[in-house]
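Asker: Structure of the sequence below:
(chains A and B)
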There are 2 protein chains.
Amino acid sequence: MSKKNRIRLYTDVNLEQGGIVECNENQTHYLSNVLRLQEGDEVYLFNGKDGEFKTHINKLSKKSIELAVDECFLPFTSSPDLWLLFAPLKKDNTDLVTVKATELGVSRLCPIISEFTNTVNVRRQRLNLLAVEAAEQSRRQDVPQIDEPMDLCKRLAEWPQNRTLFYLDETGGGKTIIQALQNISGPAAFLVGPEGGFSQKELEFLRNCSYTCPITLGKRILRAETAAVAALSCWQALCGDWR
Amino acid sequence: MSKKNRIRLYTDVNLEQGGIVECNENQTHYLSNVLRLQEGDEVYLFNGKDGEFKTHINKLSKKSIELAVDECFLPFTSSPDLWLLFAPLKKDNTDLVTVKATELGVSRLCPIISEFTNTVNVRRQRLNLLAVEAAEQSRRQDVPQIDEPMDLCKRLAEWPQNRTLFYLDETGGGKTIIQALQNISGPAAFLVGPEGGFSQKELEFLRNCSYTCPITLGKRILRAETAAVAALSCWQALCGDWR
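Answerer: Residues are numbered from 1 along each chain as shown, chains lettered A, B, ... in the order given. Sure, this is the predicted structure:
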């Protein structure tokens, strides 16, 4: 197994050299039935705080796998302090946003319910599984937090004032993203509304907050999921860990 | 019908005030069976060169629709001179790249076959339909050209030397995208390899070309389709028409 294609799993237990980690049912199935690993084979674990550890399969039975933790392979590095607030989209696209935002290194995903949001059916457990899988594959060392869906105005009412909230303003009044992100530092969040856009009331509320900044992504109309990926990418390039 | 949600269709015929345009079979089905439009209803047409024209349904039967061209609604603006070279991915992801790249304003999509490309089955006609649909919805005034798949080395052998080719270098040796795109102007192209990356031979070839620039998008491993969307977004923000 080359390091390039190393098998990485997320676990919620503490990791330290000499420790033992029991795989859960999904992990056991994946390692033994999908990858057909054997005793002695290497698996890498991360838990969002202790770093990435090399382990090997210590015991393997049909129903359980025990991993013995060998050594720290990579020290812990956290993803940037970047949130994405998004109106849930048709099922596949909510999945897509979750996976892509995880790859792009967001630390928190906040589904928000706005006036024109089409669907409020957010299967948070499913999104969490998708985020874990994307974190494993993209070699993140942490998994983004996924919030329960929350009403947009409630979310904004308890907003941490030091976090800049960039919102996609489809009315065309926003700054270009390069203008908005130049000379910016500190915690950030992006807000992408539903396909129907924000209501007049929501736009007024957003315009009057001290911590918000309207942005525009050109004249072509982007799908919500495209806008989310585009905005996060620009932030990573200009302010995040792609620099 | 508000201008915000105007119905836009691409046509390959010339457009001028007073002209008559026959809808094709798909368009007729869409306008009459899906949208249930009637004689007199407004439809907007664009053809990639003459601008966007307001028209109305002049004659409508079960099998054909005739549009009468009223007036020019928007003068023509072309998309930026930006190409995307990409290794075809599993079917859904090739579709995704085509749609997203169209939304993001690329002028040409070039499927390329590299050593580690998994699939060479590119249904160009299907991709063209997807691009037309994405152009209609995103309010582009043109549709990207979609090439036949071509061997990477052949493509590079006949490369126009004044077009910078930014390639995603997964070995980590590339410039950050902000370094690469600062102070750049002129025609550009991005090259995103297959999930398996480029071969050693291909990387050497790419490194030795005078018109290439390796770029990196951080330490997380991005799926090919995510990398394509991310790179195109950064270019639009820094060098393209999002400025």
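
Asker: only C-alpha atoms for contact and neighbour calcs from this point on.
Answerer: Noted.

Asker: check contacts around the residue most central in space within chain A.
Answerer: Centroid check for chain A by C-alpha atoms, centre = their mean gives A:T102 as the closest residue, at 3.1 Å. Residues near A:T102 by C-alpha atoms under 8 Å, 6 or more residues apart in numbering or on different chains: A:A131, A:A134, A:A135, A:V143, A:P144.

Asker: in which helix or strand would I find it?
Answerer: Counting by DSSP states H and E, the element that carries A:T102 is helix A:91-103.

Asker: buried residues in that helix?
Answerer: A:T94, A:D95, A:L96, A:V97, A:T98, A:V99, A:K100, A:A101, A:T102, A:E103 (16 or more other C-alpha atoms under 10 Å in any protein chain shown).

Asker: Now do the contacts for the closest residue to A:K219 other than its chain neighbours.
Answerer: Using C-alpha to C-alpha, 6 or more residues apart in numbering or on different chains and skipping residues adjacent in sequence, the residue nearest A:K219 is B:W242, 7.6 Å away. With contact taken as C-alpha under 8 Å, 6+ apart, B:W242 is in contact with A:T176, A:I177, A:T216, A:L217, A:G218, A:K219, B:Q236.

Asker: How about the contacts made by the first one?
Answerer: If you count contacts by C-alpha under 8 Å, 6+ apart, A:T176 has them with A:I215, A:T216, A:L217, A:G218, B:A237, B:W242, B:R243.

Asker: And for the third one?
Answerer: With contacts defined as C-alpha under 8 Å, 6+ apart, A:T216 is in contact with A:L168, A:D169, A:E170, A:G172, A:G173, A:G174, A:K175, A:T176, A:I177, B:W242.

Asker: For ChimeraX, write the select line for the buried members of the residues you listed.
Answerer: For the buried members of the contacts of A:T216, the matching ChimeraX selection, counting by 16+ other C-alpha under 10 Å, is:
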select /A:168,169,170,174,175,176,177 /B:242
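
Asker: for chain A, what spans make up the strands?
Answerer: Under the criterion DSSP state E, chain A contains strands at A:8-10, A:20-22, A:42-46, A:52-60, A:65-74, A:82-86, A:108-113, A:145-146, A:150-151, A:164-168, A:175-176, A:188-192, A:212-216.

Asker: Show me the strands paired with the last one, marking each as parallel or antiparallel.
Answerer: Just to be clear, that refers to strand A:212-216. Sheet neighbours of strand A:212-216, with direction, are listed as strand A:164-168 (parallel), strand A:175-176 (parallel) (DSSP bridges).

Asker: next one: the fourth one
Answerer: Strand A:52-60 sits in its sheet next to strand A:42-46 (antiparallel), strand A:65-74 (antiparallel), going by DSSP bridges.

Asker: looking at those, which is buried most?
Answerer: Each of those was scored by mean neighbour count; the highest is strand A:42-46, a mean of 24, by mean count of other C-alpha atoms under 10 Å in any protein chain shown.

Asker: Just the residues contacting that one, thanks.
Answerer: With C-alpha under 8 Å, 6+ apart as the criterion, strand A:42-46 contacts A:1, A:6-11, A:15, A:52-57, A:67, A:141-142.
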